[in-house]
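Peer 1: model this:
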Amino acid sequence: MSSNTAVFSLVLGQWSFFTCHLYEYHFIGENKTWDEAQKYCKQNYTDLATVSNMTDVRRLLNATVQQREAWIGLYNQTNGNKMWHWSLPGVEFNDSETDWGDLPSKQPNDYAGVENCVCIDPQNKWQDVLCTENYKVICYDERNQSNKFKLIDNSMTWPQAQKYCRENHTDLVSGLSQIQDAEYNKNNENKRIWIGLFRDTWRWSDGSSSTFRSSDPDKVILIKENKTWEEALYYCRENYSDLVSITNPHQQRWVQERAKNASTDFVWLGLRYTCTLDFWFWVSNDVVNYTNWAPGEKTDGCGMSGAMDGGGQHQWFKNLDNNKFNFICSKC
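Peer 2: Residues are numbered from 1 along each chain as shown. Purely as a prediction, here's the structure:
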């Protein structure tokens, strides 16, 4: 592996645990560089782990639960050919299902050599452009059956657009069928609009064609110890950063993946009720804007703190502070 090649772990670092793949994930509790981990996995299993979809993500989290970091098989071959990908997991790019424009020249043309993101132009055709340009955005929301597509009037860069859509909806609109269904042209107003198509040089160690990317930095960890809410708070602050806060749907999805592996019915969150001021708050000082309360649970409750249901819909419930549950910490 050349010196200008970047590699990916659940948390980037020079030395890390790693996860091998042989039809199932095997966590290896030895500290190795990415190259050493790749060699070990090829000698003893098949290769470093490949992640193809959200199901694989869940299996990977199960294999690495309560570990700080682990290498997987994703690396950045900076001198390699760039490949197009859709932002939404599970939607793979197909050269035969595109709608590239022809003006001012046939697209994609990589005019400046760095046009790695795609927008819809005023003629409703795709154009490759600089990812740092500022355009409106089309988000896809799989939970809203009556209105799955949302045109965002605020202009932003492509990375900002992806982050916004993932935090507030599901993802950037991805795939030809989604884009056609979105009927964006009714509100286009002769503006350029971001879609979820981008390209990069990342590759999987086993040579697979998976285009899946997950940008979550894996900064939350399930602690399978039964503690009161206050004990859990002190544990997280002494060993990690804090009890976890959830401020958007994207964070909710990742925290609930950890909660599925809990050995108790609920897991403590960093959510607390103050009788003095009469409101719920996050111990991290984040504002409680996004919520996922179960029906009837967001009520006054002196001596109560918030916990997530380990199963079901992973909604939030108030519980007495002296109950003992597993809990989820956030990392620095």
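Peer 1: low-confidence ranges in the stretch 51-200 of the chain?
Peer 2: 53-55, 58, 61-69, 77-80, 104, 112-113, 183-190 (pLDDT under 70).
Peer 1: how close does the residue of the chain positioned farthest from its centre sit to Asp300?
Peer 2: Ranked by distance from the centre of the chain (C-alpha atoms, centre = their mean), the top residue is Thr276, with 36.4 Å. Thr276 is 12 Å from Asp300, where distance means C-beta to C-beta, to the nearest Å. Yep, even glycine has a C-beta here, placed from its N, CA and C like the rest.
Peer 1: equivalent analysis for Asn134, please.
Peer 2: Distance of Asn134 to Asp300, given as C-beta to C-beta: 44 Å.
Peer 1: how is the protein partitioned into domains?
Peer 2: With domains defined by automatic domain parsing, the chain comprises 6-78, 83-199, 220-330.
Peer 1: closest one to Gly207 among those?
Peer 2: Nearest to Gly207, of all the domains of the chain, is domain 6-78, at 8.5 Å by C-beta to C-beta.
Peer 1: what is the neighbour count of the closest residue to Ala307 other than its chain neighbours?
Peer 2: Spatial nearest neighbour of Ala307, excluding adjacent residues (C-beta to C-beta, 6 or more residues apart in numbering): Phe266 at 3.9 Å. Counted with other C-beta atoms under 10 Å, residues neighbouring Phe266 total 20.
Peer 1: and Asp242, by the same measure?
Peer 2: 18.
Peer 1: is the residue nearest to Gln252 when sequence neighbours are not counted in a helix, a strand, or coil?
Peer 2: Closest residue in space to Gln252, ignoring its immediate chain neighbours: Ile246 at 5.2 Å, by C-beta to C-beta, 6+ apart. What DSSP: H, G, I helix; E, B strand; the rest coil gives for Ile246 is coil.
Peer 1: thinking again about what came up before, who wins for proximity to Ser205 among the domains of the chain?
Peer 2: domain 6-78 (3.4 Å).
Peer 1: OK, contacts around Phe93?
Peer 2: Met83, Trp84, His85, Trp86, Leu197, Thr211 (C-beta atoms under 8 Å, 6 or more residues apart in numbering).
Peer 1: swap in 10 Å and give it another go.
Peer 2: Met83, Trp84, His85, Trp86, Ser174, Gly175, Leu176, Leu197, Phe198, Arg199, Thr211 (C-beta atoms under 10 Å, 6 or more residues apart in numbering).
Peer 1: which neighbours in the sheet does the helix or strand the third one falls within have, and how are they oriented?
Peer 2: Using DSSP states H and E, the secondary-structure element containing His85 is strand 83-86. Taking DSSP bridges as the criterion, strand 83-86 sits next to strand 193-200 (antiparallel) in its sheet.
Peer 1: that older thread, who is the residue nearest to Ala307 paired with across the strands?
Peer 2: The residues that Phe266 bridges to, once DSSP bridges is applied, are Asp309.
Peer 1: before we move on, what about Val129?
Peer 2: In beta-bridge terms (that is, DSSP bridges), Val129 pairs with Cys117.
Peer 1: so it touches Tyr111, yeah?
Peer 2: Yes - between Val129 and Tyr111 a contact is recorded at 8.4 Å, counting by C-beta atoms under 10 Å.
Peer 1: list the contacts for the residue nearest to Ala307?
Peer 2: Contacts of Phe266 by C-beta under 10 Å, 6+ apart are 259, 306-311, 316-317, 319, 323, 325-327.
Peer 1: please apply the same query to Ala259.
Peer 2: 220, 222, 244, 266-267, 269, 307-311, 314, 326-328.
Peer 1: how about 7 Å then?
Peer 2: By C-beta atoms under 7 Å, 6 or more residues apart in numbering, Ala259 lies in contact with Val267, Met308, Gly310, His314, Ile328.
Peer 1: likewise for Thr157?
Peer 2: Taking C-beta under 7 Å, 6+ apart as the test, what Thr157 contacts is Cys131, Thr132, Glu133, Asn134.
Peer 1: same check, this time on Val267
Peer 2: Here Val267 is in contact with Leu222, Ala259, Ala307, Met308, Gly310, Phe325, Asn326, Phe327, Ile328 (C-beta under 7 Å, 6+ apart).
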